[in-house]
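Trainee: Sequence and predicted structure are below.
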Amino acid sequence: MKSFRNVTIILLILLTATARAYPSGYNINVRIAGLQDTTLLLAYHYGNRKYIKDTIRVDAHGQGVFAGEESLPGGIYLVVMPDMDYFELLVDREQYFGIETSADNPVNHMKVTGSAENEQFFEYHRFMNQRQTASSDLQKRMEENRNNPDSMAILREKGMELDRQVQEYWNSIINDHPGTLLANLIRAMQNPQIPDFEIPPDARNPDSLRWRMGYEYNKKHYFDNIDFSDARLLRTPVLHNRLEHFFTRTIMQVPDMIIPEAIRVVELSREDDQVFQYVLVYLLNHFERSNIMGMDEVFVELAEKYYLSGEAHWVNEETIRRLRDRVERIKPNLIGRTAPEMRMRNPEGDMVSLHETEAEYTIIYFYEPACGHCKVVTPRLNELYRQYRGRGLAVFGVYIYGDVEEWKEYIGSNDLEWVNVFDPQNQSNFRFNYDIYSTPTLYILDADKTIIAKRIGIETVEQMMEEKL
C-alpha cells in the first residue's frame with residue numbers, strides 16, 4: 001500500500017510538471033511592422049483546404065494577441081494579413097510564444113520568442129529559400145551554357161552539391177529532433193530513393209525492365225516516410241498532397257491496380273483514428289468524383305468494405321443509405337461485367353433483346369429528343385453507325401420517355417436505322433441497372449455483351465470504334 005502511494009505521488013508530480021511546462025490554451029503574441037489598426041486572421045490547413053480559427057485586431061503598432069482557453073491541435077497555422085498574404089507558423093507543444101516581423105518580408109525578418117520549434121521552422125524556411133535561389137541561378141547558367149559540355153559538367157556537379165546540402169540539412173533535423181512536427185513533415189515530403197537495379201545481361205528489353213522494377217519499388221515504398229500515427233499531419237498540406245500524387249500520378253490508373261493500393265493505405269492509416277477517417281473519406285470522395293472511366297469500381301470496393309460494413313463509425317444513417325443506393329446502382333454496370341439484359345419494344349411493337357442483338361460491338365445510347373447535347377450526339381453517332389455497321393457495329397438506341405409520337409417523329413427526322421427501342425413503364429429497370437440520371441449516356445459492349453466502356457463522350461466513342469473496327 002505504501003509503495004502504491006509513493007508511485008501515485010510521483011505520477012502527480014510528473015503530471016504537474018508537464019502541465020506547467022505546457023499550459024493549456026494558446027497565446028500567440030504578434031507584432032507586424034507596417035500594419036496598424038487592422039484585422040489579422042489565424043487560420044490552419046486541413047488537407048487541401050484552409051479554415052479560420054481566430055480573428056484579432058492589431059493596434060497602431062501592429063500588435064495583437066491570438067489567445068484561447070483550449071490548446072490548438074498541432075499543425076501548420078497561417079497568420080493572414082489584410083491583403084490576404086500570409087506566413088506560416090508551427091503549432092505543437094509550445095503554444096505560448098511571440099513573433100515579431102514585417103509585413104513586406106515576414107519570413108526573413110521573423111524574430112521568435114518562447115518557441116524553439118518556430119525558430120527552427122523559420123531557419124528551415126530561410127535555408128530552403130537560399131538554396132532555391134541558388135538553384136534558380138544555376139538553372140539559368142545551365143541554359144546559357146547548354147552548348148558547352150565542359151561548363152555543363154561543372155554546373156551539374158554544383159547542382160548535385162546543392163542537392164547534397166539540402167539532404168544533409170534535412171537529415172540533421174530528422175535525426176536531431178525525432179518526433180517533432182518539423183522532422184515528421186520533412187520525412188513525409190521525401191520520396192523513396194529508388195536503387196540502381198542490376199539488370200540481367202541477357203534481358204530482352206533492359207530499359208523496360210528497369211522502369212518496371214523502379215515503378216514497383218516506388219509503389220511499394222512510397223509511404224515509408226509517412227507517420228500515419230501523427231494526426232498533426234492532417235493540419236498540413238503534406239499528407240493530402242502525398243495521397244493525391246500517389247493515386248493520380250504514381251500508380252497506373254487501372255482499377256485492378258488501384259484497389260489493393262487503396263486498401264493498403266487505408267490499413268496503414270488505422271494507426272490513428274483521425275488519420276484513418278481522413279484517408280478513407282478522401283479516397284471514397286476522390287474515386288466517386290473521378291472523371292477517369294472505371295474508377296467507380298474503386299468507389300464501390302471502398303464503400304462496401306469500410307462504409308457499408310459499419311467501420312466508418314463517424315457516418316450517419318442517411319449517408320449510409322445514400323452510399324448503399326449509389327453502390328446498388330453502380331455495381332450492375334461496372335466495366336468488365338456483362339451488361340444487364342434489356343428487353344424493350346421497337347416502333348412496330350415487337351420485343352427486342354439487347355443480348356440477342358448480334359454484333360462485334362454494341363453501343364447503347366440513352367437519349368431524349370429535347371436534350372440539347374443529344375442533338376449534337378445523335379447525328380454523329382448515326383454517321384458512325386453507318387460507317388461501321390458493315391464491320392460489326394450495332395447501336396441499341398433507348399428513348400428514355402414514353403411519348404410514342406415524339407419518339408417516332410425523332411426517329412424519322414434523324415433517319416435512325418439502328419435498333420430503336422423504348423420501355424415507358426421501365427419494366428426492364430434500365431434506369432436503375434444503367435444508372436441513368438442524365439442524357440446522353442453511352443455504353444460500349446463487346447461481342448459477349450461485356451461492358452468495355454461507359455459514360456464517355458462521342459469523341460471517345462468515335463476513336464474507340466476507329467481503333468477496333
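Mentor: That came in fine, so what should we check first?

Trainee: Remind me which helix or strand the residue positioned nearest the centre of the chain belongs to.
Mentor: Nearest to the geometric centre of the chain sits residue 244, at 3.5 Å (Cα atoms, centre = their mean). Using DSSP states H and E, residue 244 sits in helix 238-245.

Trainee: quick one: residue 384 is in a helix?
Mentor: Yes. The assignment for residue 384 is a helix, going by DSSP: H, G, I helix; E, B strand; the rest coil.

Trainee: doesn't residue 461 make contact with it?
Mentor: Yes. Using Cβ atoms under 8 Å, residue 384 is in contact with residue 461, at 6.9 Å. All C-beta spots, glycine's among them, are computed from the backbone N, C-alpha and C.

Trainee: hmm, back to that, what helices or strands is the helix holding residue 244 leaning on?
Mentor: helix 181-188, helix 273-288 (3 or more Cβ pairs under 8 Å, 6 or more residues apart in numbering; DSSP states H and E).

Trainee: between that helix and helix 181-188, how big is the angle?
Mentor: Per axes from the mean of the first three to the mean of the last three Cα atoms, to 10 degrees, the angle that helix 238-245 makes with helix 181-188 is 10 degrees.

Trainee: Buried residues, helix 238-245. List them.
Mentor: By neighbour count on 16 or more other Cβ atoms under 10 Å, the buried set for helix 238-245 is 238, 239, 240, 242, 243, 244.

Trainee: likewise stretch 147-167?
Mentor: Those would be 155, 158, 159, for stretch 147-167 by 16+ other Cβ under 10 Å.

Trainee: Which residue ranges of the stretch 201-350 of the chain form helices?
Mentor: 206-221, 238-245, 255-268, 273-288, 296-302, 317-330 (DSSP state H, counting those that start in this stretch).

Trainee: Indicate which one of these is closest to residue 444.
Mentor: Evaluated with Cβ to Cβ, the helices of the stretch 201-350 of the chain place helix 296-302 nearest to residue 444, the distance being 15.7 Å.

Trainee: Settle this for me: residue 365 is touching residue 396, isn't it.
Mentor: Yes. Between residue 365 and residue 396 there is a contact under Cβ under 8 Å: 7.0 Å.

Trainee: hang on, the earlier thing: columns distance to residue 453 and secondary structure on top of the buried residues of stretch 147-167, output as TSV?
Mentor: Shown next, in TSV, are the buried residues of stretch 147-167 (distance: Cβ to Cβ, whole Å; DSSP: H, G, I helix; E, B strand; the rest coil):
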residue	distance to residue 453	secondary structure
155	49	helix
158	50	helix
159	45	helix
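
Trainee: about what we covered before: ok, the residue nearest to the centre of the chain touching residue 48?
Mentor: Yes. Using Cβ under 8 Å, residue 244 makes contact with residue 48 at a distance of 7.4 Å.

Trainee: In terms of residue numbering, what are the domains of the chain?
Mentor: 26-114, 122-177, 225-333, 343-468 (automatic domain parsing).

Trainee: gap between the first one and the chain center?
Mentor: Put plainly, it is domain 26-114. 29 Å (Cα atoms, centre = their mean, to the nearest Å).

Trainee: and what of the longest one?
Mentor: Taking the mean of its C-alpha atoms, domain 343-468 sits 34 Å from the chain's own mean (Cα atoms, centre = their mean).

Trainee: Give me the distance between the two termini of that domain.
Mentor: Chord length of domain 343-468, first to last residue, is 27 Å (Cα to Cα, to the nearest Å).

Trainee: What separation is there between residue 285 and residue 331?
Mentor: Counting by Cβ to Cβ, to the nearest Å, the separation of residue 285 from residue 331 is 19 Å.

Trainee: cool, residue 220 as well?
Mentor: 30 Å.

Trainee: These two: which is more packed in?
Mentor: residue 331 (15 against 12; other Cβ atoms under 10 Å).

Trainee: if I pick that one, what's in contact with it?
Mentor: Residue 331 is in contact with residue 300, counting by Cβ atoms under 8 Å, 6 or more residues apart in numbering.

Trainee: Repeat that for the one 3 residues further on.
Mentor: With Cβ under 8 Å, 6+ apart as the criterion, the residues that contact residue 334 are 294, 296, 297, 300, 451.

Trainee: Can you tell me the element the last one falls in?
Mentor: The reference is to residue 451. strand 451-454.

Trainee: partner strands of that strand, parallel or antiparallel?
Mentor: Neighbouring strands of strand 451-454 in its sheet, by DSSP bridges, are strand 441-445 (antiparallel).

Trainee: ok, residue 125 to residue 177 distance?
Mentor: 16 Å.

Trainee: and residue 286, how many residues sit next to it?
Mentor: For residue 286, using other Cβ under 10 Å, the count is 18.

Trainee: what's the closest non-adjacent residue to it?
Mentor: With Cβ to Cβ, 6 or more residues apart in numbering as the criterion, residue 286 has its nearest non-adjacent residue at 6.5 Å, and that residue is residue 247.

Trainee: ok so, going back, need the contact partners of the helix holding residue 244.
Mentor: Residues outside helix 238-245 that contact it (Cβ under 8 Å, 6+ apart) are 47-48, 185, 188-189, 222-223, 226, 233, 265, 275, 278-279, 282-283, 286.

Trainee: Filter those down to the buried ones and hand me the PyMOL line.
Mentor: This is how PyMOL selects the buried members of the contacts of helix 238-245, with burial counted by 16+ other Cβ under 10 Å:
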select buried, resi 47+185+188+222+223+226+233+265+275+278+279+282+283+286
